[in-house]
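*Asks:* attaching a predicted model along with its sequence, questions to come.
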Amino acid sequence: MTEKYYFDVFPELMSERLLLREIRLSEANQMIEITAYDGQQAENSHDVVRILSQIALDYINGDGITWGLYLKSTGEFIGNCCFCRGYKNNIAEIGYVLKPDFRGHGYMTEAVKTVTRFGLQDMKVTNVFG
């Protein structure tokens, strides 16, 4: 049986160096270079807002959840990490993207571990794959 996951409040997660929280529309201009949805790459902040609206709809429908990744030390947006494409058979597919300047520093490993732990413990998914 497949469950849908809804939260009264968007879950914020923390790791050693990162805050994982809901992305705000006001941050659209910071994420143009790394935002895509269903193979459609954003070209401007208007495209990002449209994509973020679809991501929000997926969340409301229980078909996905996307966290923005922010450095705890500065609050800077550096990427995102998500469970996407629903939760068929309580299995979560993980997706992620990181701005080029922040790659190679272990940030995504840290984020994926945090999101996976949340999925298995709090969302009760049975398996996570990427």
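*Replies:* Received the coordinates, thanks. Numbering: from 1, shown residues only.

*Asks:* who's in contact with Gln121?
*Replies:* Residues near Gln121 by C-beta atoms under 8 Å, 6 or more residues apart in numbering: none. In short, each C-beta sits where N, CA and C put it, glycine included.

*Asks:* who's in contact with the lowest-mean-pLDDT helix or strand in the chain?
*Replies:* In the chain, no helix or strand scores lower on mean pLDDT, DSSP states H and E than strand 127-129, which sits at a mean of 89. For strand 127-129, contacts defined as C-beta under 8 Å, 6+ apart pick out 83, 90-94, 116, 119-120.

*Asks:* residues of that strand that come out buried?
*Replies:* Judged by neighbour count using 16 or more other C-beta atoms under 10 Å, the buried positions of strand 127-129 are Val128.

*Asks:* same deal with stretch 114-127?
*Replies:* Result for stretch 114-127 [16+ other C-beta under 10 Å]: buried residues 114-116, 118-119, 123, 125.

*Asks:* check stretch 73-84 too.
*Replies:* Buried, per 16+ other C-beta under 10 Å, within stretch 73-84: 77-84.

*Asks:* got it, and stretch 18-27?
*Replies:* Neighbour-count burial for stretch 18-27 [16+ other C-beta under 10 Å]: 18, 20, 22-23.

*Asks:* endpoints of stretch 67-75, how far apart?
*Replies:* 14 Å (C-alpha to C-alpha, to the nearest Å).

*Asks:* got the contact list for it?
*Replies:* Contacts for stretch 67-75 (C-beta under 8 Å, 6+ apart): 13-14, 17-24, 27, 31, 76-82, 98, 107, 111, 115.

*Asks:* take those and keep only those in strands.
*Replies:* 13-14, 18-21, 77-82, 98 (DSSP state E).

*Asks:* next, format those as TSV and append distance to Asp63 and pLDDT.
*Replies:* TSV is the format used below for the ones in strands among the contacts of stretch 67-75 (distance: C-beta to C-beta, whole Å; pLDDT from 0 to 100):
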residue	distance to Asp63	pLDDT
Leu13	19	98
Met14	25	98
Leu18	24	98
Leu19	24	98
Leu20	19	98
Arg21	20	98
Phe77	23	96
Ile78	25	97
Gly79	21	97
Asn80	16	97
Cys81	16	97
Cys82	11	96
Leu98	23	97
